[in-house]
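Asks: Next input, structure requested:
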Amino acid sequence: MKLLTLDFETYYDAKYSLRKMTIAEYLHDPRFRVHGLAIRHPDGKCEFRQDIPEVLSGLQKRYGERLETVTVVGHNLYFDLYILNRVYGLSPAYFVDTMLLAYHAHGRPGAGQKQGGSLAALAERYGLQAKGELDFMSGVLHPDPRQSADLRDYAVNDVKLTYALALRLLPELSHSETEIPLMMHTVRLFTERGLHIDTTALDILRNTMAGDLAAKLTAAGLSQEEASGDKKFCHRLSAALGATGRSMPTKPGKNGDIPALAKDDEAMQRLAQDDDPAVAALATARLACKSTAQLRARLDTLTRIIDLTGGTLPPYLVYCGAHTHRFSGGQKFNIQNLGGADYGSALRKLIVPAPGCVFLCADLAQIEARVLAWYAGEQDLLCAFAEGRDIYCEFASRVFDYPVHKPIGDEPVEEQEQLRALRQVGKRAILGLGFGMGTKLFHEKLRSDPLTAPYFPDSQEGRRGCRDVVNSYREAYPGVPALWKGLEQGFKDAVEGAHWRGYGLHFQRRDGGVDAVLPSTCRMRYPNTKVHFDANKVAYIDEDGDEVSSDIEGERISYGGGLGLYGGKLVENIVQSTARDLFVESILRIEKEGFKVLFHVHDEVVVEVEKERSREAEERIRAIMETVPGWATGLPVSVEIRECLHYGK
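Replies: Below you'll find the predicted structure:
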């Protein structure tokens, strides 16, 4: 692999920088200016050039029209290739990003990984020459000779560091035949493609948000300032609670308990459903005020970007953004998390296909439950999935000793409601109990769902019923708890230095951590792993349905900066990572067939096709995604595809 390392240097100042702006905002801003391009050629020659069009023309003459005789290397190529593609019209045929290579090899910072993914942090990690400082260029639009010389030294040092990192990180890449094309595809989505945004729907959403918020503030008798300010709102809510002899709910703070007023505080969410209309109105207005402010900020960012790009949003996905190698989002408009409640559906509907096209949204149905059954060797469950049976109804029928089925419409209304609720219990069990969830948490999940809450009240009887569901799951699929136990022990053995193999997996100790090698050959990294004896206070529900807690002693696994790991969590990580491997291989095959993937969210890929080709494309995409690779033989996969004129459901 011949490596051509590139790094653009651009103007920035205190107000105009990538620390304050998204890449798209920064690059399309009138203040944008390229100071120069640092290059390290495959023969080791380094240069810094300011005549960008001329130097790019020279590179094309030397390495091919798309630089196809070399592999371009850069650090954070979302930035450099955006410039190369959108400003200069050059799209390299092959490239690797050392930042993303580091995410694959070591984990993204925050996912059990303490060290950063910046060039400076990685240079320190690998004992390379230190990265320089660029403060001297802040606000410098036209560098003088001394600044130009210093900038050249800084930029050339960066490409040397990036090249050295590539040499160290490329051997760390697992499953490279998939991961390198996937890395390139992810960056190209951002640098070469764009999502069309329905600006009319965007304006309607803004007006709807403003009207909804005004109505909730009026119902509560609050101004926006009172609803958003902690002190004023706390005073109003305390008075309302005091009328019924209650006090303000609190949560632990740095210096003692503080009012639980945050949007994500469970106490505040419960108050929005309070029996006292005055309290409920106050809490509802508070939550709406906070949610609307956050959503308005996202819409403001979206508006700025599409105004600058001419109506499209570059889809930003972070390759290996999570510990399990799943993707994450960012750039102030996270398409991986458009929300579910409130305005989530309206946000999704803003994303529309190009004129004359439709979206095909293809989702790997129940993929994690299927992968779990595959690892656990639960053949009955695998057969049920393969035959397309309603496993949620089957499990619910077993638990409740009652024939549960999807309502067909001719049952009495009360019976239809009961069938939907019981099936929902089965669904939550199949999708939620496979990773070690206990009765206490499962009871909370069922209580939070309006459909199932009436069947599991906050009482001994309700908690006992929930315990019966959990026990029934583990009895029905004994391979699952056996998998938790087997992988936890295997992982502990690997921490002690053994090479452990089982369930198609391989755990091995390396550099103070443990690698989990999946059937795809992709490696999931657990840095700084330890097994230690500890006692934890555990809250649970006993056989009588009472909530109790006790100290449980035993061996504990920790990794990273002290994150805990146990059998159920380890299984969840492995299942999610395996599902991701299946999913991304199908994405690459879809692209290879000539279909245009615009973005993907979790286990759903969004493909844009011409309307007249949609039926043919749907059939081909289904066949691609339901064909598993050789390493996943025996895993039944099913795909649900919907054709739509916007991304909303």
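Asks: Need phi/psi at Leu3.
Replies: The phi/psi pair for Leu3 (degrees, to the nearest 10) reads phi -100, psi 130.
Asks: Would you mind listing the residues in contact with the closest residue to it other than its chain neighbours?
Replies: Closest residue to Leu3 apart from its sequence neighbours, by C-beta to C-beta, 6 or more residues apart in numbering: Val73 at 4.9 Å. Every residue, glycine included, has its C-beta placed from N, CA and C. By C-beta atoms under 8 Å, 6 or more residues apart in numbering, the residues touching Val73 are Leu3, Leu4, Thr5, Leu6, Phe95, Val96, Asp97, Thr98, Thr162, Tyr163, Ala166.
Asks: Show only the entries of these found in strands.
Replies: Leu3, Leu4, Thr5, Leu6, Phe95, Val96, Asp97 (DSSP state E).
Asks: between these, which is closest to Gly434?
Replies: Taking C-beta to C-beta as the measure, Gly434 lies nearest Asp97 of the ones in strands among the contacts of Val73, at 34.1 Å.
Asks: Pull the number of nearby residues for the nearest residue to that closest one once chain neighbours are set aside.
Replies: Of all residues not flanking Asp97 in the chain, Leu77 sits nearest, at 4.3 Å (C-beta to C-beta, 6+ apart). For Leu77, the count of nearby residues is 27 (other C-beta atoms under 10 Å).
Asks: From what I see, Leu77 and Ser91 are in contact.
Replies: No: checked against C-beta atoms under 8 Å, the pair Leu77 and Ser91 is beyond contact range at 11.7 Å.
Asks: And the strands in the stretch 151-300 of the chain, which stretches?
Replies: According to DSSP state E, counting those that start in this stretch, the stretch 151-300 of the chain carries its strands in the segments 195-197, 250-253, 256-259.
Asks: Minimum distance to Tyr375: which of those has it?
Replies: strand 195-197 (35.3 Å).
Asks: I'd like to know which elements the closest one is packed against.
Replies: strand 312-313, strand 351-352 (3 or more C-beta pairs under 8 Å, 6 or more residues apart in numbering; DSSP states H and E).
Asks: Mean pLDDT, mean neighbour count and distance to Arg622 for these - can I get that in a markdown table?
Replies: Listed next are these as a markdown table, based on pLDDT from 0 to 100; neighbours: other C-beta atoms under 10 Å; distance: least, C-beta to C-beta, whole Å:
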| stretch | mean pLDDT | mean neighbour count | distance to Arg622 |
| --- | --- | --- | --- |
| strand 312-313 | 94 | 20 | 28 |
| strand 351-352 | 95 | 21 | 22 |
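Asks: ok, and what's touching stretch 548-563?
Replies: Residues from elsewhere that reach stretch 548-563, judged by C-beta under 8 Å, 6+ apart: 107, 111-114, 488, 491-492, 495, 513-514, 526-542, 564-566.
Asks: Over to the spatially closest residue to Asn536 that is not a sequence neighbour. Which of the three states is it?
Replies: Leaving out its chain neighbours, the residue that sits closest to Asn536 by C-beta to C-beta, 6+ apart is Ile552, at 5.8 Å. Three-state assignment for Ile552 (DSSP: H, G, I helix; E, B strand; the rest coil): strand.
Asks: gap between Ile552 and Leu505?
Replies: Distance from Ile552 to Leu505, counting by C-beta to C-beta, to the nearest Å: 27 Å.
Asks: Pick out whichever of those two has more residues nearby.
Replies: Leu505 (20 against 11).
Asks: list the contacts for that one?
Replies: Contacts of Leu505 (C-beta under 8 Å, 6+ apart): Leu487, Gly490, Ala516, Val517, Leu518, Pro519, Ile574.
Asks: So what's the residue count around the fifth one?
Replies: The tally of other residues near Leu518 (other C-beta under 10 Å) stands at 21.
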